[in-house]
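Chemist: Quick one, what's the 3D model for this:
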Amino acid sequence: RRLGIAAAVFGIAAFAVPQYGVWVRTLNGKALLREAEFTRKVAVLEAQAKKDSAAQLAEAEIIRAEGVSKANKIIGESLKNNPGYLQYLWITKGENDTNRTVYMIPNNGGAPVPTFDITRNGGS
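Modeler: Reported below is the predicted structural model:
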């Protein structure tokens, strides 16, 4: 009777051990597949986030450029017919420069016009 039980256990083990190995490999394969799918989904989501971020940055840059363009037009229009202000800017840009002498000659109805700039250290 013991021999019969041992033979039955051996027979079951001879069948079950290979089946268990197949079952374990199947579970490992499924786990690897799920991990690969998850990794791929994460990579796709990261790529989408980068794409969305780049689109938002591009839109922000366009808005900024439009603002700069409008500001430049405003500045250009304000300077177009305002030579007095341009002269004022030219005169005041060097007001703290002690090596600079500006000679003003009245012109256009008495408005001063900067004529030339002379430096005290030999023209350099």
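Chemist: what about Leu27, how many residues close to it?
Modeler: As a burial measure, Leu27 scores 10 neighbours (other CB atoms under 10 Å). Using the backbone N, CA and C atoms, a C-beta is placed for each residue, glycine as well.
Chemist: What is the one helix or strand it maps to packed up against?
Modeler: Under the assignment given by DSSP states H and E, the secondary-structure element containing Leu27 is helix 2-80. Contacts defined by 3 or more CB pairs under 8 Å, 6 or more residues apart in numbering; DSSP states H and E place helix 2-80 against helix 83-92.
Chemist: can you state the direction angle for the helix it packs on and helix 2-80?
Modeler: Taking axes from the mean of the first three to the mean of the last three CA atoms, to 10 degrees, one finds helix 83-92 and helix 2-80 inclined to each other by 110 degrees.
Chemist: quick check, distance from helix 83-92 to the centre of its chain.
Modeler: 39 Å (CA atoms, centre = their mean, to the nearest Å).
Chemist: Which other helices and strands does that helix contact?
Modeler: Using 3+ CB pairs under 8 Å, 6+ apart as the contact definition, the elements that helix 83-92 packs against are helix 2-80, strand 111-119.
Chemist: Return the helix or strand in this protein with minimum mean pLDDT.
Modeler: Sorted by mean pLDDT, DSSP states H and E, the helices and strands of the chain end with strand 111-119, the least confident at a mean of 56.
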